[in-house]
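Trainee: Sequence unavailable; structure follows:
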């Protein structure tokens, strides 16, 4: 499997991006800009947005967005105030995606199997995502629903089927399935229809917590995952979720070792 440069992205928190622009340029990193705190949505400036857009344009790099998810619950049944605030944060995130001229934004499912009543959660989620997807469509953004604590992709697949929009697809986080699912990662991936898959998040862990280790340092069989993706003949975005930008050279070395990418820049 070869990951073309325009499909390979790297995790980059908004809060640390500006101090790492030199490294982004050095390694020629397309970035998935992560809104690591909802505070970013209240504090970013148009000048910052212009600086980001200019930097990526001059360096011929691409960017996508990862919306916030911590402390949010857009379909909370017990706290309507939280649900309303979460909805507003999603609206703000889509607006930021428009300003940053990104074509896609990753969002979490916000499904917690241990506490959410399956059917009522699903019904509320479908209605919520219908509204958000229509807003995203009007802003030329496609939303990718990522598995968080989901034990299987079942609920995400039902949402995508019910919303039935080309502006809603899935982001498969292999590390999350390794921690939260009793099924194998390959089995989880196989449950998604080909045309539902928009993106993968790759990082490694040992099955206990989402450590974001360098690929090959945990228990995930990435060779099997690469083969499974190649067999399906799909071309999703691949985002590497390293813990720190200092891990990038080792990640690039791993990708080259596996003949997954080419990188002419010194790493």
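Mentor: That came through fine. Predicted model, so just to flag it, every value in this text is computed and none were measured.
Trainee: List the buried residues of stretch 5-15.
Mentor: Counting neighbours by 16 or more other C-beta atoms under 10 Å, one finds that the buried residues in stretch 5-15 are 7, 8, 9, 10, 11, 12, 13, 14. In short, each C-beta sits where N, CA and C put it, glycine included.
Trainee: Now that stretch: average pLDDT?
Mentor: Per-residue pLDDT over stretch 5-15 has a mean of 96.
Trainee: Straight-line length of it, end to end?
Mentor: 25 Å (C-alpha to C-alpha, to the nearest Å).
Trainee: which residues are in contact with it?
Mentor: Applying C-beta atoms under 8 Å, 6 or more residues apart in numbering, the contact partners of stretch 5-15 are 20, 24, 28-37, 40, 44, 62-64, 66, 212, 235-242, 245, 248, 255, 261-262.
Trainee: can you rerun that using 6 Å?
Mentor: Contacts to stretch 5-15, defined as C-beta atoms under 6 Å, 6 or more residues apart in numbering, come from residues 29-36, 40, 64, 237-241, 261.
Trainee: and if you look at stretch 134-145?
Mentor: With C-beta under 6 Å, 6+ apart, stretch 134-145 has contacts from 94, 97-98, 104-107, 109, 133, 156, 167-171, 198-199.
Trainee: and if you look at stretch 245-254?
Mentor: Outside stretch 245-254, the residues that touch it by C-beta under 6 Å, 6+ apart are 20, 23, 27, 214, 215, 216, 240, 242, 263, 267.
Trainee: Kindly recompute the last result at 7 Å.
Mentor: 10, 20, 23, 27, 29, 214, 215, 216, 240, 242, 263, 267 (C-beta atoms under 7 Å, 6 or more residues apart in numbering).
Trainee: Could you export the residues you listed as CSV, including distance to residue 49 and secondary structure?
Mentor: Written out in CSV, the entries for the contacts of stretch 245-254 read as follows (distance: C-beta to C-beta, whole Å; DSSP: H, G, I helix; E, B strand; the rest coil):
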residue, distance to residue 49, secondary structure
10, 20, strand
20, 17, helix
23, 21, helix
27, 23, helix
29, 19, coil
214, 31, coil
215, 32, coil
216, 36, coil
240, 24, strand
242, 24, coil
263, 28, coil
267, 29, coil
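Trainee: Filter those residues down to the buried ones.
Mentor: Burial by neighbour count, judged by 16+ other C-beta under 10 Å, picks out 10, 20, 27, 29, 214, 215, 240, 242, 263 from the contacts of stretch 245-254.
Trainee: Check the gap between the first one and residue 66 for me.
Mentor: When distance is defined by C-beta to C-beta, to the nearest Å, residue 10 is 11 Å away from residue 66.
Trainee: Name the residues contacting each of those two.
Mentor: Counting by C-beta under 7 Å, 6+ apart, the shared contacts of residue 10 and residue 66 are residue 32.
Trainee: Which parts of the stretch 51-200 of the chain are helices?
Mentor: If you assign secondary structure with DSSP state H, counting those that start in this stretch, the helices in the stretch 51-200 of the chain sit at 80-99, 118-138, 154-163, 174-180, 185-191.
Trainee: pretty sure residue 55 is touching residue 21, no?
Mentor: Yes. Judged on C-beta atoms under 7 Å, residue 55 makes contact with residue 21 at a distance of 6.1 Å.
Trainee: coming back round to it: tell me which entries of the buried residues of stretch 5-15 lie within strands.
Mentor: Using DSSP state E, 8, 9, 10, 11, 12, 13 are the members of the buried residues of stretch 5-15 that sit in strands.
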